[in-house]
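In: After the sequence you'll find the predicted model.
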Amino acid sequence: MSQASERLVPRTPIPPSTRRVAVGEQLIAMVSPLLLIALWEGLVRIRILDARFFPAPSSIVGTFAGLIASGELLLHAGASLKRVLLGFLVGGVPALTLGLAMGLSRWARAALNPIISATYPIPKSAILPLVMLIFGLGDASKVVLVAIGVFYLVLINTMAGVLNIQPIFLDVGRNFGASRLQVFRTIALPGALPMIFAGLRLGLGIGLILIVIAEIVGARSGIGYMIWQAWTIFQVERMYVGLVVIAILGWLAALILDAVERALIPWSPRR
Amino acid sequence: MDKIVLSGLTKVFPTGYGPVAALSSVNLVVREGEFFVLLGPSGCGKTTLVRIMAGLERRTSGEMTIARTDAGKPLTAMVFQEDSVFPWMTVEENIGYGLWIQGVPRPVIARTVSLYLEKVGLTRFARAYPFQLSGGMKKRTSVARAFAADPEVLLMDEPFGELDEQTRVLLQAELVKIWDENRKTVVFITHSIDEAVVLADRILVMTAAPGRVKAVVEVPFPRPRQAYEMRADPAYGRLIHHLWGLLREEVLKAKAEEAAAYVPGI
């Protein structure tokens, strides 16, 4: 038939000039942070920056290496990571199910939305004392705090994702006589997936914030504990190492989320 | 044989300004195996009528029966005006969707899907996702999805309305070709008089809102039709002229009502 003039869209070759610009952009993106670090190092060496507050990057790297060698860093990073992951699971799975149900059912929405809207604005850090009172000083209270933070963001985004599905797709399901479960599986879930991932990404950010707060307040391990302990003994380099590790953890987790998203949403046109 | 019988079908929508009648006691018989076209001014309730047939809208009063010949088949399958191809399914998954919902075994689905992929010329794009397709290819996918489900009645709500003229003429020809192979009962909405004459066995002209039956016009051209030659036939011109005469009053009436309903400040 007649698709001589029609073809898959992403076959367009990229003109060389555009490619040069893209390579240039990547180069600038890599060089600029390195320049900033070099500037920092230089300013500390000529004593314009106070090394007590802004230790030279070279000495931070030294402390970093020492902490890795002693196994201390791995212990703390591992502890934080475990709590965040468990919190993600404990908060994310019920949020996903409830969010889908609330998106699909007017009744579920009417029953639960007021509770969600009223409790969502409470700062999660404000609940920490209560959470510690109930779940104790161990890992459980940290996991629960992360779970609460993740829960709201995933729930709200999942519900919005289902509500934003164009009604036409639900009409197609209804016209073919799809059951509720079939609609759930073939329309609501895939239709909401992009928003669900937006919720997970936000949840990751809040999860890292909450884990550090919880570990600063009461813990015997974790990156937050490490930063706080370094403060009490005025080991500024260790504090910086903690910040770098948190940044790396967040970045790695975002990379993993991106990869999972690409695998689960092959239909989305990507830049 | 009568396939669809509507008697006294009425649809009233409650709105903020009080109830508004979309359809007012529509009486209509669509015959088995007929290509039936609904023609009417925009806003006359054509879409509402077809959505009632599709089970997507409830009727306020009146009767509707669609004759079943096979209890295993879906009653209707609809091709929508908007893009209704699932973006998260490949072309082949989209085409097989209706069969999958019915619980048809996978090998049977695969066979039917490849048959319709062939018919609409999308075999090479079986595994492509909709974002990789042109508008015309998406329309072919949704037409194939409706045919593949093998319903008692096919419903098409201005399926080619959003396409450019050339693609539209091509798709009309392809649709007629596929339809000729199994002669399923089709109810097809359009506001294009030319499209109505090229496709239809009979054309129902609807009144301005609330929609009622104004006239039913037979299209005397034999099948298989050559749309290109048909358009050169003097009988084609006369039919277009006749239909436009029927429609013109209604279009003017609809315009006048729109103007009267306009209250500044609302």
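Out: Everything's here; your move. Numbers count the residues shown, from 1 in each chain, chains lettered A, B, ... in the order given.
In: Can you pull the residues of the stretch 1-150 of chain B lying near chain A?
Out: B:54-56, B:74, B:76-78, B:80, B:82-84, B:86-89, B:97-98, B:101-102, B:120-122, B:124-125, B:128-134, B:136-137, B:149 (C-beta under 8 Å from any C-beta of the partner chain). Every residue, glycine included, has its C-beta placed from N, CA and C.
In: Around residue 54, count how many other residues there are.
Out: This is for chain A. Applying other C-beta atoms under 10 Å in any protein chain shown, we find 15 residues neighbouring residue A:54.
In: nope, chain B please
Out: Per other C-beta under 10 Å, the neighbour tally for residue B:54 reads 22.
In: I figured it was touching residue B:79, is that so?
Out: No - with contact defined as C-beta atoms under 8 Å, residue B:54 does not count as touching residue B:79 (10.3 Å).
In: who touches both of these two?
Out: residue B:155 (C-beta atoms under 8 Å, 6 or more residues apart in numbering or on different chains).
In: Would you pull up the residue in the stretch 51-200 of chain A closest to chain B?
Out: Taking C-beta to the nearest C-beta, chain B has its nearest neighbour within the stretch 51-200 of chain A at residue A:190, 3.9 Å off.
In: Name only those of the residues of the stretch 1-150 of chain B next to chain A that count as buried.
Out: Buried residues within the residues of the stretch 1-150 of chain B next to chain A, counting neighbours by 16 or more other C-beta atoms under 10 Å in any protein chain shown: B:54-56, B:74, B:76-78, B:80, B:83-84, B:86-89, B:97-98, B:101-102, B:120-122, B:125, B:128-130, B:132-134, B:136-137, B:149.
In: Sitting in helices, which of these do you find?
Out: Judged by DSSP state H, these include B:97, B:98, B:101, B:136, B:137 as members of helices.
In: In stretch A:165-180, which residues are buried?
Out: Using 16+ other C-beta under 10 Å as the test for burial, stretch A:165-180 gives A:165, A:169, A:170, A:171, A:172, A:173, A:174, A:175, A:176, A:178.
In: Kindly provide the distance from the last one to residue B:66.
Out: Think residue A:178. Distance from residue A:178 to residue B:66, counting by C-beta to C-beta, to the nearest Å: 19 Å.
In: cool, residue B:127 as well?
Out: Distance, residue B:127 to residue B:66, using C-beta to C-beta: 35 Å.
In: okay, now residue A:261: neighbour count?
Out: Quick note: residue A:261 (other C-beta under 10 Å) scores 17 neighbours.
In: Dump the ones in helices among the buried ones among the residues of the stretch 1-150 of chain B next to chain A into JSON lines; add pLDDT and distance to residue A:218 as well.
Out: Shown next, in JSON lines, are these (pLDDT from 0 to 100; distance: C-beta to C-beta, whole Å):
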{"residue": "B:97", "pLDDT": "96", "distance to residue A:218": "53"}
{"residue": "B:98", "pLDDT": "94", "distance to residue A:218": "58"}
{"residue": "B:101", "pLDDT": "93", "distance to residue A:218": "53"}
{"residue": "B:136", "pLDDT": "88", "distance to residue A:218": "63"}
{"residue": "B:137", "pLDDT": "92", "distance to residue A:218": "60"}
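In: Of those residues, which pair is most distant in space?
Out: Pairwise distances across these peak at 25.7 Å for B:101 and B:136 (criterion: C-beta to C-beta).
In: Roughly how far does the closest residue to chain A within chain B sit from residue B:137?
Out: Taking C-beta to the nearest C-beta, chain A has its nearest neighbour within chain B at residue B:121, 2.9 Å off. Note on residue B:121: its distance to residue B:137, by C-beta to C-beta, is 9 Å.
In: Just the buried positions in the top helix by length along chain A, please.
Out: Counting residues, the longest helix found in chain A (DSSP H) is helix A:72-104. Within helix A:72-104, the residues scored as buried using 16+ other C-beta under 10 Å are A:73, A:76-77, A:79-81, A:83-84, A:86-88, A:90-92, A:95-96, A:98-104.
In: And chain B, is it touching that?
Out: No - Helix A:72-104 stays clear of chain B (C-beta under 8 Å from any C-beta), getting no nearer than 14.9 Å.
In: Fine by me, thanks again.
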